[in-house]
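Novice: no letters, just coordinates:
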């Protein structure tokens, strides 16, 4: 199950912040990340990972519903690479 923005707000609220302040913190953080990614800037969060904007070239594709060929346009995608610390933490939980 995915962790939602509301659940993150509630976890910050449990730390002693008001609910309003918790919402402001999360919204501000997400706006900072979105703004940097919109400007093609990477976002590095030490101990967590790095969000990067990558360019995808146009390529041939196929419509899965009809099977017809089509040309996919150039686009940008956001990728995430987790840090070594996070990778170790994830892999140690078995």
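Specialist: Perfect, thanks for sending it. Just so you know, these numbers come straight off a predicted model, no measurement behind them. Numbers count the residues shown, from 1 in each chain.

Novice: so residue 53 sits in a strand?
Specialist: Yes - looking at residue 53 with DSSP: H, G, I helix; E, B strand; the rest coil, it is inside a strand.

Novice: do you know the pLDDT at it?
Specialist: Confidence at residue 53, expressed as pLDDT, is 96.

Novice: what does residue 7 give?
Specialist: At residue 7, the pLDDT value in this model is 96.

Novice: what kind of secondary structure is it in?
Specialist: Classification of residue 7 using three-state DSSP returns helix.

Novice: got a list of what it touches?
Specialist: For residue 7, the set of contacting residues under the criterion of Cβ atoms under 8 Å, 6 or more residues apart in numbering is empty. No exception for glycine: its C-beta is placed from N, CA and C like everyone else's.

Novice: now the helices for this protein?
Specialist: Shown for the chain, the helices assigned by DSSP state H span residues 5-14, 19-38, 84-92.

Novice: packing partners for the second one?
Specialist: In terms of contact count using 3 or more Cβ pairs under 8 Å, 6 or more residues apart in numbering; DSSP states H and E, helix 19-38 is assigned the packing partners helix 5-14, strand 43-45, strand 49-56.

Novice: shaky segments in this structure?
Specialist: Across the chain, residues meeting the criterion (pLDDT under 70) sit at 94.

Novice: mind giving me the domain ranges of it?
Specialist: 1-39, 40-94 (automatic domain parsing).

Novice: hmm, back to that, let's have the helices and strands packed on helix 19-38 in JSON lines, adding distance to residue 27.
Specialist: Written out in JSON lines, the entries for the helices and strands packed on helix 19-38 read as follows (distance: least, Cβ to Cβ, whole Å):
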{"stretch": "helix 5-14", "distance to residue 27": "9"}
{"stretch": "strand 43-45", "distance to residue 27": "16"}
{"stretch": "strand 49-56", "distance to residue 27": "17"}
